[in-house]
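>>> Build me a structure from this.
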Amino acid sequence: MATLMAATTLAQGRGGQEPAPTPIPQDEPRAARLKTDVAADVDAMSTFTQQMVDSVFSFGELGFQEFETNRYLIDILKKNGFSVEEGIVGIPTAFMATWGSGKPVLALGSDIDGIPQASQKPGVAYHDPLIEGAPGHGEGHNSGEPLNITAAIAVKKIMEREKLPGTIRIWSGTAEELVGTKAYYVRAGLFKDVDVALFTHVGDTMGVSWGDRGTSTGLVSVQYTFRGETAHAAGAPWRGKSALDAVELMDIGWNFRREHLPLEQRSHYVITDGGDQPNVVPRTASVWYYFRQTTYPKIKEMWQIGDSIAKGAALMTGTELLPTRVLGTAWPQHFNKAVAEAAFANIHRVGLPQWSDADLTLAKALQKELGSREAGLTTRVAPVLQGPETTNTGGGSDDIGDVSWNVPTITLRYPANIPGLPGHNWANAIAMATPIAHKGTTAGAKVQAMTMIDLLTKPALVQGAWDYFRNVQTKETKYEPLIRPEDKPAIDLNKATMDKYRPEMRKYYYDPAKYKTYLEQLGITYPTVKK
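Reported below is the predicted structural model:
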């Protein structure tokens, strides 16, 4: 385990000044001993972690359809002494696992779903799908819950040995790509007694931050459906009222309006129903929008604009705008200062994995293939803990934001993927069942476990987390759900896609009883690069 007390800064500060490295406090002897023990146990479980990472990768399931992933992880948790509530808040592929009793209650979460059309052979540094058109883990969500489970089992052993009070919970970030579940978890009160939420998300380095994030947004995901009247598209088109015309006019209206929206907004759509066949004027048509902005009021404003444009499109076409359907929501993310400081110190205690020549060869070959800078893999952690961003330029979303406004929360990003990738793409799947992901997930599990030890043994840390949450974060900003009382989880999404591809995908599920790694099962030489 590397101990890095200071490092050269990676970026210049204002006026060319280098910010001073964030001080890394020394642990008291007992905490240091427990952290050494828990890190050693995580290392001892590296094969167990690798098998989980590879297995979930092989399932490659889309949001709300993570049935194989759900069953696999639940079985592991039960075998390791956790009680599991399945199908929470009416979502078949969502669970909450619990072990222990008393305070503090630590809730560990991570996302589990994949990306459409991201099927890819791992360890192959160019596009080579296992199944053409099938989904896959084109972000790396196959690694986060294995990290949490490994960390939790290691900490559980320490708690039993040391007779430490506390409760460990592990929950599934089901359908995160649809931002489809966490607001419902909050509404159902699943975090009401939680002291700290420790979230994990795959990255290409080890890091944590506190305060508002500078490249992220919240959002509302809305489906607009129009209903018109059919007619023969050639024989009597004047008798028809085209719902597709309404969809297309809404899209035109939104794209003209987009020019006059703030720069940080992000908005995008897909037409999910464009009619039945060209010779029939479409009676129904639907379009699905993501409206992203940096604050709750701005998200609501964008949503209202979208609703107004949809009503206008219906008026122009003589069609009916049906009640809108909310498919997902997310608040902007805000992370806890006290817990982030503890996790950052543990990041420096653990350091980054030792990358092999094969790991670096794969990374550089993929970066070359994509036209990115051939930088290889990250080799040192940032010396400065990232604090609040004063300027938010917009970006992606994660419904961990809803959790973060209800309980002190951080997101640990861990180095299981390759820098310079496009995201939500087959390329982001290439490293995710290779030694890069295995090493990065194990390193992340050490940090997660050490941070849990801090929270279990230092009541002042938990108190500090809540002091920041109450007196700084939520002093002026109060959480209001974006989901409406009538909204329900969209558990039907992605069913048709998984029904189409799952029979063929089953042929490629990883069998750890027969093969040491998924690469071995697939017969892939690591790394495979273009000559």
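>>> Against residue 269, how distant is the spatially most central residue of the chain?
Centroid-nearest residue in the chain, with C-alpha atoms, centre = their mean: residue 111, separated by 4.7 Å. Separation of residue 111 from residue 269 (C-beta to C-beta, to the nearest Å): 23 Å. All C-beta spots, glycine's among them, are computed from the backbone N, C-alpha and C.
>>> and stretch 285-304, how far from the chain's centre?
Mean-position distance between stretch 285-304 and its chain equals 20 Å (C-alpha atoms, centre = their mean, to the nearest Å).
>>> ok, now stretch 210-228?
With C-alpha atoms, centre = their mean, you get 15 Å for stretch 210-228.
>>> Helix, strand or coil: sort out residue 250 for me.
helix (DSSP: H, G, I helix; E, B strand; the rest coil).
>>> Surely residue 270 forms part of a strand?
Yes - counting by three-state DSSP, one finds residue 270 located in a strand.
>>> Got the confidence number for it?
Here the pLDDT value assigned to residue 270 is 98.
>>> How about it, nearest residue that isn't a chain neighbour?
residue 288 (5.4 Å; C-beta to C-beta, 6 or more residues apart in numbering).
>>> by contact count, what packs against the strand or helix carrying that neighbour?
Assigned by DSSP states H and E, residue 288 belongs to strand 284-293. Packing contacts for strand 284-293, counted by 3 or more C-beta pairs under 8 Å, 6 or more residues apart in numbering; DSSP states H and E, involve strand 218-227, helix 243-258, strand 266-273, helix 296-317.
>>> Give the buried residues for the last one.
This points to helix 296-317. The neighbour-count check on helix 296-317 (16 or more other C-beta atoms under 10 Å) flags 296, 298-299, 301-303, 305-306, 309-310, 313-314, 317 as buried.
>>> Packing partners of that helix?
Helix 296-317 packs on strand 218-227, helix 243-258, strand 284-293, strand 320-321, going by 3+ C-beta pairs under 8 Å, 6+ apart.
>>> How about the secondary structure of residue 133?
From three-state DSSP, the assignment for residue 133 is coil.
>>> what's near enough to touch it?
The contact partners of residue 133, by C-beta atoms under 8 Å, 6 or more residues apart in numbering, come to 117, 119, 501.
>>> And the residues you listed, which is closest to residue 334?
residue 117 (32.7 Å; C-beta to C-beta).
>>> Would you agree that closest one falls within a helix?
No - membership of residue 117 in a helix is not supported by three-state DSSP, which gives coil.
>>> hang on, the earlier thing: pick out whichever of the contacts of residue 133 sits closest to residue 87.
Distances from residue 87 to the contacts of residue 133, taken by C-beta to C-beta, are shortest for residue 501, at 23.6 Å.
>>> residues touching that closest one, list them.
131, 133-135.
>>> so what's it scoring on pLDDT?
98.
>>> That one - that's part of a strand, no?
No - Residue 501 is assigned helix when assessed by three-state DSSP, not a strand.
>>> The helix or strand residue 504 falls within: which residues count as buried?
Per DSSP H and E, residue 504 falls inside helix 495-505. Buried residues in helix 495-505, counted by 16+ other C-beta under 10 Å: 497-498, 501-502, 505.
>>> contact partners of the strand or helix carrying residue 462?
Using DSSP H and E, residue 462 maps to helix 459-468. Contact partners of helix 459-468, identified using C-beta under 8 Å, 6+ apart, comprise 104, 195-196, 336-339, 342, 408, 454-455.
>>> Now do the SS call for the closest residue to residue 35 other than its chain neighbours.
Among residues not flanking residue 35 along the chain, residue 450 sits closest, at 4.6 Å (C-beta to C-beta, 6+ apart). Using three-state DSSP, the structure places residue 450 in helix.
>>> contacting residues for residue 450?
Applying C-beta under 8 Å, 6+ apart, the residues near residue 450 are 35, 38-39, 346, 349-350.
>>> neighbours around residue 460, how many?
Other residues lying near residue 460 total 9 when counted by other C-beta atoms under 10 Å.
>>> same thing with the one 3 residues further on?
Taking other C-beta under 10 Å as the neighbour definition, residue 463 ends up with a count of 12.
>>> ok, so what distance separates residue 465 from residue 74?
From residue 465 to residue 74 the distance is 29 Å (C-beta to C-beta).
>>> So between those two, which is more surrounded?
Counted by other C-beta under 10 Å, residue 465 and residue 74 do not tie: residue 465 has more neighbours, with 25 against 18.
>>> Most distant residue from the centre of this structure?
Max radial position in the chain (C-alpha atoms, centre = their mean) goes to residue 235, at 50.4 Å.
>>> so it sits in a strand?
No - assigned with three-state DSSP, residue 235 falls outside any strand and is coil.
>>> where does the protein dip in pLDDT?
1-16 (pLDDT under 70).
>>> mind checking how far residue 519 is from residue 363?
16 Å.
>>> Likewise for residue 432?
13 Å.
>>> same deal with residue 156?
Per C-beta to C-beta, residue 156 is found 34 Å from residue 363.
>>> rewinding a little: looking at the contacts of helix 459-468, spot the one nearest residue 94.
The nearest one, if we look at the contacts of helix 459-468 relative to residue 94 and count by C-beta to C-beta, is residue 196, at 20.7 Å.
>>> Could you report the neighbour count for the closest residue to that closest one other than its chain neighbours?
On the basis of C-beta to C-beta, 6+ apart, the spatially nearest residue to residue 196 that is not a chain neighbour turns out to be residue 408, at 5.1 Å. If you count neighbours by other C-beta under 10 Å, residue 408 ends up with 27.
>>> for residue 408, what are its contacts?
Applying C-beta under 8 Å, 6+ apart, the residues near residue 408 are 195-197, 336, 338-339, 465-466, 468-469.
>>> doesn't residue 432 make contact with residue 362?
No - with contact defined as C-beta atoms under 8 Å, residue 362 does not count as touching residue 432 (11.7 Å).
>>> Could you check which of the two has the larger neighbour count?
Set side by side, residue 362 and residue 432 show more neighbours around residue 432, with 31 against 28, by other C-beta under 10 Å.
>>> right, and the secondary structure at the more buried one would be what?
Under three-state DSSP, residue 432 comes out as coil.
>>> Counting neighbours, what do you get for residue 270?
Residues near residue 270, counting by other C-beta under 10 Å: 10.
>>> Revised request: answer the last question for residue 506.
With other C-beta under 10 Å as criterion, residue 506 counts 11.
>>> The stretch 301-450 of the chain: helices as residue ranges?
For the stretch 301-450 of the chain, the helices defined by DSSP state H, counting those that start in this stretch cover 337-350, 357-370, 400-404, 435-457.
>>> And the ones you listed: which comes nearest residue 420?
Closest among these, using C-beta to C-beta: helix 357-370, at 5.1 Å.
>>> Would you mind writing the CA trace of the closest one as PDB?
Presented in PDB, the C-alpha positions along helix 357-370 are these (Å, rounded to 0.1, in the frame of the first residue of the first chain):
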ATOM      1  CA  ASP A 357       3.300  -3.100 -19.800                       C
ATOM      2  CA  ALA A 358       0.200  -5.000 -21.200                       C
ATOM      3  CA  ASP A 359      -2.200  -2.600 -19.500                       C
ATOM      4  CA  LEU A 360      -0.300   0.400 -20.900                       C
ATOM      5  CA  THR A 361      -0.200  -1.100 -24.400                       C
ATOM      6  CA  LEU A 362      -3.900  -1.700 -24.400                       C
ATOM      7  CA  ALA A 363      -4.600   1.900 -23.200                       C
ATOM      8  CA  LYS A 364      -2.300   3.500 -25.700                       C
ATOM      9  CA  ALA A 365      -3.500   1.400 -28.600                       C
ATOM     10  CA  LEU A 366      -7.200   2.300 -27.900                       C
ATOM     11  CA  GLN A 367      -6.300   6.000 -27.500                       C
ATOM     12  CA  LYS A 368      -4.600   5.800 -30.900                       C
ATOM     13  CA  GLU A 369      -7.600   4.000 -32.400                       C
ATOM     14  CA  LEU A 370      -9.900   6.800 -31.200                       C
END
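>>> got the angle between that helix and helix 435-457?
Between the axes of helix 357-370 and helix 435-457, defined by axes from the mean of the first three to the mean of the last three C-alpha atoms, to 10 degrees, the angle is 110 degrees.
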